[in-house]
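K.L.:
No letters, just coordinates:
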């Protein structure tokens, strides 16, 4: 039983990370029907942004007070890159055939990876992420379960971000504007909503959450490299589809389910098909099974009705 | 039509150019100096540029030192040694080109190199075709000397030798070390690659034979970053150490995550984790982690110290690095064998076969220990060292001969 709860915790932690990234896929998809494959790289930029903030201004500091600055640094870096991408690469292609922005996104993804690899000092191999007091260090023992400090940070970050996001979408004018654009951009424009601005905001929100996820990944895994965005982006995209792409709550649920399935597969599937290398296989098997019976995903596409 | 005629013209031109260039190098090959002494070249194939160049340049300089000493002492009357160094950029394709270039030079008797086993796999066949000996100071992949099938050992190339020992003894050596310090229960993890799996298999066999128990055997994926599920699975079996087969990009974070999840036991690995970068990635909790690496630290022996002094006195720009002593011994082995091979030879090319036979029989005390080769071309000295992380550095914990 302890083992089950332990792996459940591991899975929820991993799933929270996926969920934070998955929201970015789903928000952008809900509004412009674009699968932004460069979003994994926005997450990676966030991680490097926080590392750069630490290296430039707080090198050697390990106090908890540094963490908010690192999060701000991460969010600034990822939001800036996402807005630039939207303006330079996606806006000119808004009315182009659906495939053009998709291929562009893949191209940008490679571009960002290589840019970081070549120009971030030392990024050709993995870089250690700073250890912060209270957030990293010895784990807590709760009964038979080991709770890593970074796990509390990751899960906490998801909860805070989810609450803020709910509040933003349902209680602010801008958020309601987003809902309107996702339902019908042309009518929304006629109603006086600045559609370009709403789209930019959608990119920024996704990027901000990805930036937080970047910090979480660094703390959780103790190191980052230029390639982390690829696998994390793929998993987060899977999570978004699993939950129902276009549905923000679906992305959160999808991420958590995916994380838990991976952890459980490592623990409870015995023999040749078990163990860590097979966890991705089981994650994608789950995706296929869900899509066969529920093509709209676990939660369906509630925010957008055209997907 | 236009294009096709260019092709028609181009092909003979290219062929002609190749033929001419081949002639050119042949002319250069039989060069002899004015004093009547003939020139024999020792090639070097190593990464002289790029990320591994620190190791490569150490190899090149050490060979140059051995060659200089041989010339100063007039080791073989009537012959003068020269170094022909080629850069392989740690890439098999570039290494193959370097080997091709050296094998077209008739004055080349033997080659010291390469650093990487993967590069050796593409240089050895090229040099074998010309009967040129290759002596590596650093390749640890067992298949280079014993063939791909470990159960049925068969030497693939008669021209390949090495002065360092192989991965096949690293795992068992690690097992013996852990048993000797009283660790009887170990969990193994590997990354499913040839190197990692080979290490863990060899380790497990020796460890269980010596009375130890492998309480959990797990694997991880090459792209994995988060090892928490695997660590949680291992933790209840309470191993006293983890033996990891793989390289430092995964091993460093794995060690860090293990310890932050309360599994505070040493992680041990092979030379794939024996790198300063491992400690950087594993962080402050890396203390007491262990690694095996081939050979003894050069500065730990009398002969090694003397070599380092001579190296320093010769004034090379780069340090001898990890494989300098092995490269020096490799060059010495080639020179030693040349004493018999070149004695009555009229040119280098005709002496190559005799050189291979003579290399198989060399036996002298080098700076890294006794230099002699067994029937596969492996060194007979099986000296390894266990290193331990202490205060952010790898410190040699125990050097011993594998039995």
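P.N.:
In hand now; what should we look at? From a predicted model like this one, the values you see are computed outputs, not experimental measurements. Numbers count the residues shown, from 1 in each chain, chains lettered A, B, ... in the order given.
K.L.:
distance of the residue nearest to residue A:81 when sequence neighbours are not counted from residue A:123?
P.N.:
Closest residue to residue A:81 apart from its sequence neighbours, by CB to CB, 6 or more residues apart in numbering or on different chains: residue A:45 at 4.9 Å. Placement of C-beta: from N, CA and C, glycine included. When distance is defined by CB to CB, to the nearest Å, residue A:45 is 11 Å away from residue A:123.
K.L.:
Mind listing the shared neighbours of the two?
P.N.:
residue A:116 (CB atoms under 8 Å, 6 or more residues apart in numbering or on different chains).
K.L.:
Tell me who's in contact with the residue nearest to residue A:81.
P.N.:
A:77, A:78, A:81, A:112, A:116, A:211, A:214, A:229.
K.L.:
make it 10 Å
P.N.:
A:38, A:52, A:74, A:77-82, A:112-113, A:115-116, A:120, A:207, A:210-211, A:214, A:226, A:229 (CB atoms under 10 Å, 6 or more residues apart in numbering or on different chains).
K.L.:
Relative to chain B, how far out is the nearest residue to residue A:130 once chain neighbours are set aside?
P.N.:
With CB to CB, 6+ apart as the criterion, residue A:130 has its nearest non-adjacent residue at 4.9 Å, and that residue is residue A:54. Using CB to the nearest CB, to the nearest Å, one gets 14 Å for the distance from residue A:54 to chain B.
K.L.:
Count the residues that sit near residue A:54.
P.N.:
The number of residues packed near residue A:54 is 24, by other CB atoms under 10 Å in any protein chain shown.
K.L.:
and it, helix, strand or coil?
P.N.:
Secondary structure for residue A:54, judged by DSSP: H, G, I helix; E, B strand; the rest coil, is helix.
K.L.:
quick one on the thing from earlier: need the per-residue pLDDT for the residue nearest to residue A:81.
P.N.:
The per-residue pLDDT reported for residue A:45 equals 97.
K.L.:
Check for me that it belongs to a helix.
P.N.:
Yes. With three-state DSSP as the criterion, residue A:45 is assigned to a helix.
K.L.:
May I have the phi/psi pair for the one residue in the stretch 301-403 of chain B that gets nearest to chain A?
P.N.:
Nearest residue of the stretch 301-403 of chain B to chain A: residue B:392, at 11.9 Å (CB to the nearest CB). Main-chain torsions, residue B:392, degrees, to the nearest 10: phi 80, psi 10.
K.L.:
Any idea which helix or strand in chain A has the lowest mean pLDDT?
P.N.:
The helix or strand of chain A with the lowest confidence, counting by mean pLDDT, DSSP states H and E, is strand A:140-142 at a mean of 87.
K.L.:
and that strand, which strands flank it?
P.N.:
strand A:145-147 (antiparallel) (DSSP bridges).
K.L.:
what's the average pLDDT for the strand it pairs with?
P.N.:
On average, strand A:145-147 scores 89.
K.L.:
quick one: the strands in chain A?
P.N.:
Ranges of strands within chain A are A:127-128, A:140-142, A:145-147, A:223-224, based on DSSP state E.
K.L.:
Distance from the chain centre to the second one, please.
P.N.:
Centre-to-centre, strand A:140-142 and its host chain are 28 Å apart (CA atoms, centre = their mean, to the nearest Å).
K.L.:
Report pLDDT for residue 36.
P.N.:
Using chain A. Residue A:36 is given a pLDDT of 91.
K.L.:
Chain B is the one I meant
P.N.:
68.
K.L.:
Secondary structure element holding the closest residue to chain A within the stretch 101-250 of chain B?
P.N.:
At 3.9 Å from chain A, residue B:229 is the closest residue in the stretch 101-250 of chain B, using CB to the nearest CB. Taking DSSP states H and E as the criterion, residue B:229 maps to helix B:228-234.
K.L.:
now swap in residue B:387 and tell me
P.N.:
Short version, using DSSP H and E: residue B:387 is in strand B:383-390.
K.L.:
which helices and strands does that strand pack with?
P.N.:
Applying 3 or more CB pairs under 10 Å, 6 or more residues apart in numbering or on different chains; DSSP states H and E, we find strand B:383-390 packed against helix B:167-180, strand B:267-269, helix B:276-282, strand B:290-294, strand B:393-401.
K.L.:
Does the helix or strand harbouring residue B:357 pack against any helices or strands, and if so which?
P.N.:
Using DSSP H and E, residue B:357 maps to helix B:348-361. Helices and strands touching helix B:348-361, by 3+ CB pairs under 10 Å, 6+ apart, are strand B:38-46, strand B:108-113, strand B:133-136, strand B:160-162, helix B:324-341.
K.L.:
quick one: buried residues of the longest one?
P.N.:
What it means is helix B:324-341. Neighbour-count burial for helix B:324-341 flags B:324-338, B:340-341 (criterion: 16 or more other CB atoms under 10 Å in any protein chain shown).
K.L.:
on that earlier part again, next, format the helices and strands packed on helix B:348-361 as a markdown table and append distance to residue B:142.
P.N.:
Listed next are these as a markdown table, based on distance: least, CB to CB, whole Å:
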| stretch | distance to residue B:142 |
| --- | --- |
| strand B:38-46 | 20 |
| strand B:108-113 | 18 |
| strand B:133-136 | 13 |
| strand B:160-162 | 10 |
| helix B:324-341 | 17 |
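K.L.:
Rebuild those as a markdown table, extending it with distance to chain A.
P.N.:
Below are those laid out as a markdown table (distance: least, CB to the nearest CB, whole Å):
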| stretch | distance to chain A |
| --- | --- |
| strand B:38-46 | 20 |
| strand B:108-113 | 24 |
| strand B:133-136 | 25 |
| strand B:160-162 | 27 |
| helix B:324-341 | 24 |
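K.L.:
looking at the strands of chain A, which is buried most?
P.N.:
Compared across those, strand A:223-224 shows the largest average neighbour count, a mean of 25 (mean count of other CB atoms under 10 Å in any protein chain shown).
K.L.:
And for it, what's in contact with it?
P.N.:
Outside strand A:223-224, the residues that touch it by CB under 10 Å, 6+ apart are A:44, A:46-48, A:50-51, A:116, A:123, A:125-129, A:214-215, A:217-218, B:225, B:249, B:252-253, B:256-257, B:280-283.
K.L.:
Just the buried residues out of these, in ChimeraX syntax.
P.N.:
Selection of buried members from these for ChimeraX, criterion 16+ other CB under 10 Å:
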select /A:44,46,47,48,50,51,116,123,126,127,128,129,214,215,217,218 /B:225,249,252,253,256,257,280,281,282,283
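K.L.:
which of the residues in stretch A:281-288 are buried?
P.N.:
For stretch A:281-288, burial by neighbour count (16+ other CB under 10 Å) applies to A:282, A:283, A:284, A:286, A:287.
K.L.:
go on, stretch B:196-206?
P.N.:
B:196, B:198, B:199, B:200, B:202, B:203, B:204, B:206.
K.L.:
next one: stretch A:233-243
P.N.:
Buried residues in stretch A:233-243 (16+ other CB under 10 Å): A:233, A:235, A:236, A:237, A:238, A:239, A:240, A:241, A:242, A:243.
K.L.:
now stretch B:188-198
P.N.:
Result for stretch B:188-198 [16+ other CB under 10 Å]: buried residues B:188, B:189, B:190, B:191, B:192, B:195, B:196, B:198.
K.L.:
same deal with stretch A:254-271?
P.N.:
Buried residues in stretch A:254-271 (16+ other CB under 10 Å): A:254-267.
K.L.:
now, which of those sits nearest residue A:138?
P.N.:
Relative to residue A:138, the closest of the buried residues of stretch A:254-271 is residue A:263; by CB to CB it sits at 21.6 Å.
K.L.:
Run through the residues that contact the closest residue to that closest one other than its chain neighbours.
P.N.:
Closest residue to residue A:263 apart from its sequence neighbours, by CB to CB, 6+ apart: residue A:11 at 3.4 Å. By CB under 10 Å, 6+ apart, the residues touching residue A:11 are A:256-267, B:228-229.
K.L.:
I'd like those residues laid out as a markdown table, including pLDDT and distance to residue B:142.
P.N.:
Shown next, in a markdown table, are those (pLDDT from 0 to 100; distance: CB to CB, whole Å):
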| residue | pLDDT | distance to residue B:142 |
| --- | --- | --- |
| A:256 | 96 | 45 |
| A:257 | 95 | 44 |
| A:258 | 94 | 40 |
| A:259 | 94 | 40 |
| A:260 | 95 | 42 |
| A:261 | 93 | 39 |
| A:262 | 92 | 35 |
| A:263 | 92 | 36 |
| A:264 | 92 | 38 |
| A:265 | 90 | 34 |
| A:266 | 89 | 31 |
| A:267 | 89 | 34 |
| B:228 | 90 | 34 |
| B:229 | 90 | 32 |
